[in-house]
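Participant: take this sequence and fold it.
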Amino acid sequence: MLRRLVALLCVLLLSLSVVSPAHADGRRERPRPVVFVHGFSGSAGQFETQARRLASNGYPARYIEAHEYDSTFTVNTVEQVFASLDDRIARLLDETRAAKVDLLAHSLGTSLMQSYLRSSPERAATVEHYVNLDGATSESLPGGVPTLAVWGEGSTERRVEGATNVYFSGQAHTQVVTSPETFAKVYEFLNGQAPRTTRIEPQRHISLSGRAVLFPSNVGAAGARLEIYRVNPLTGKRLGRRPLATYQLTGDGAWGPFKASGHAHYEFAVVWNEESVHHLYFQPFLRTDRVVRLLTSRPGEGLSGLVETGDHHSAFSISRQKEWWGDQGRDGDSLRINGREILNAANAPRTKRAIGMFAYDAGVDRVTDLGEPIPAFFSTPFITGMDLYVPAGRRPTSIVARPRGGQGRIDALVVPSWPSSEHRISVQLNDHPN
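Facilitator: Residues are numbered from 1 along each chain as shown. A predicted model of the protein is given here:
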């Protein structure tokens, strides 16, 4: 018994030593708050995996936030983005009693954050570390803040002068944000030591919260109703007629917290009206997640408004925070819907950097044609589209991905085949190994 108690104490002490960075005199402190700023057409979704990895290494989930904005700048100005970031940082510092935050940005967000840090010494003074993820180069440290620059595929001549520059030439533009290799570098840069794990450590009982937002503006989906159902993982059918939780969406589209199970499957139904419901499905969340993003649009608007609908076929948007490669052979990805491979060199070339795809019966002719992508979607950054006929009805739809570099791992979801005349279906698959 004594040996077991000693062993348990050693494990506890070890975990505490990993979780909290140490001062030279041996004192421990909690991590600093972390703020992530996305790129063009992005959202907090690009940081969701890393947020859970940070929490797996001892970060309180409430210390981790994303700063979202309309990257087309039709809703907000750069000055407004900066001012709201000032408010966010001030609030976080007040709530956590930290002296500074750590700031991370991706793609377009790096240009914004370099400008933000250079805009005033007062702003730079609130940031302890800055991480520049596959974005803008610089001839000096932004605002003089210590910087880590992580670069994906492309020229290794790109750099931030004075920063620690790391290159992952085999990783794509979004993949480099979400990968375990990037996480290890970022964690060590922020905390002065390697992380205990780069996996997402599961929890049995979790809390989920986030925002339902219009894509790509990140404006809240005000006026809709969110219903959350637990579903059967083998069929996607709801386990019960009544939702486990209902939220009337207002303002910024915030919802939650929702008490959940880490290994359960859930449906998030954004109900615009009784004739327009957007069903969103995720793989199990594994642990508490405060930055869940439900990307939607008002009926008939946005990219979804271009989808041809009907009573007899289902329409899907399928996404992953890691690019789909359909032209790399064994070094690429596989994605099968009802057993049929839908990725190819035409609709998902590596150079397209597609992380989202729309699949529906183009022409409403009950014929699948994967020879060419649908132009309206393929011309949109990070998006592709394909003509895929999936009959609506009682038979569920299986979606199975075999990701590159996954050593044969499979990511899969089964969802109901809702008719596209009144229902939209979004599926988000994992970008991480567990």
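Participant: for the chain, give me the ranges with low pLDDT.
Facilitator: Low-confidence segments of the chain (pLDDT under 70): 1-29.
Participant: any idea which residue sits dead centre in the protein?
Facilitator: Closest to where the C-alpha atoms of the chain average out (CA atoms, centre = their mean) is G45, at 2.3 Å.
Participant: distance of it relative to E139?
Facilitator: Separation of G45 from E139 (CB to CB, to the nearest Å) stands at 32 Å. In short, each C-beta sits where N, CA and C put it, glycine included.
Participant: returning to that earlier point: what secondary structure does the residue nearest to the centre of the chain sit in?
Facilitator: Following DSSP: H, G, I helix; E, B strand; the rest coil, G45 is assigned to helix.
Participant: contacts only, for it.
Facilitator: Contact analysis of G45 by CB atoms under 8 Å, 6 or more residues apart in numbering lists 291, 293, 295, 321, 428.
Participant: go with 10 Å
Facilitator: G45 sits next to 38, 66, 68, 174, 178, 210, 213, 291-295, 319, 321, 355, 428, 431 when contact means CB atoms under 10 Å, 6 or more residues apart in numbering.
Participant: next one: V81
Facilitator: Each residue near V81 by CB under 10 Å, 6+ apart is listed here: 37, 67-71, 73, 109, 112-113, 115-116.
Participant: that one - that's part of a helix, no?
Facilitator: Yes. Counting by three-state DSSP, V81 is found in a helix.
Participant: that older thread, ok, and the most crowded of the contacts of V81?
Facilitator: M113 (29 neighbours; other CB atoms under 10 Å).
Participant: give me the three-state assignment for E181.
Facilitator: Classification of E181 using three-state DSSP returns helix.
Participant: hmm, V166 and it touching each other?
Facilitator: Yes. Under the criterion of CB atoms under 10 Å, E181 makes contact with V166 at 8.8 Å.
Participant: can you list the buried residues in stretch 190-197?
Facilitator: By neighbour count on 16 or more other CB atoms under 10 Å, the buried set for stretch 190-197 is 190-191, 195-196.
Participant: which of those lies closest to G251?
Facilitator: Within the buried residues of stretch 190-197, the smallest distance to G251 is 31.5 Å, found for L190 (CB to CB).
Participant: can you pull the buried residues of the helix or strand hosting the closest one?
Facilitator: Secondary structure assigned from DSSP states H and E places L190 in helix 180-191. Within helix 180-191, the residues scored as buried using 16+ other CB under 10 Å are 180, 182-183, 185-187, 189-191.
Participant: give the contact list for S111.
Facilitator: By CB under 10 Å, 6+ apart, the contact list for S111 reads 39, 78, 105, 132, 135-138.
Participant: Produce a PyMOL select command limited to the buried residues of these.
Facilitator: To isolate the buried members of the contacts of S111 in PyMOL, using 16+ other CB under 10 Å:
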select buried, resi 39+105+132+135+136+137+138
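Participant: make JSON lines out of the contacts of S111 and add secondary structure and distance to R88.
Facilitator: Listed next are the contacts of S111 as JSON lines, based on DSSP: H, G, I helix; E, B strand; the rest coil; distance: CB to CB, whole Å:
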{"residue": "G39", "secondary structure": "coil", "distance to R88": "18"}
{"residue": "V78", "secondary structure": "helix", "distance to R88": "15"}
{"residue": "A105", "secondary structure": "strand", "distance to R88": "14"}
{"residue": "N132", "secondary structure": "strand", "distance to R88": "19"}
{"residue": "G135", "secondary structure": "coil", "distance to R88": "20"}
{"residue": "A136", "secondary structure": "coil", "distance to R88": "21"}
{"residue": "T137", "secondary structure": "coil", "distance to R88": "26"}
{"residue": "S138", "secondary structure": "strand", "distance to R88": "23"}
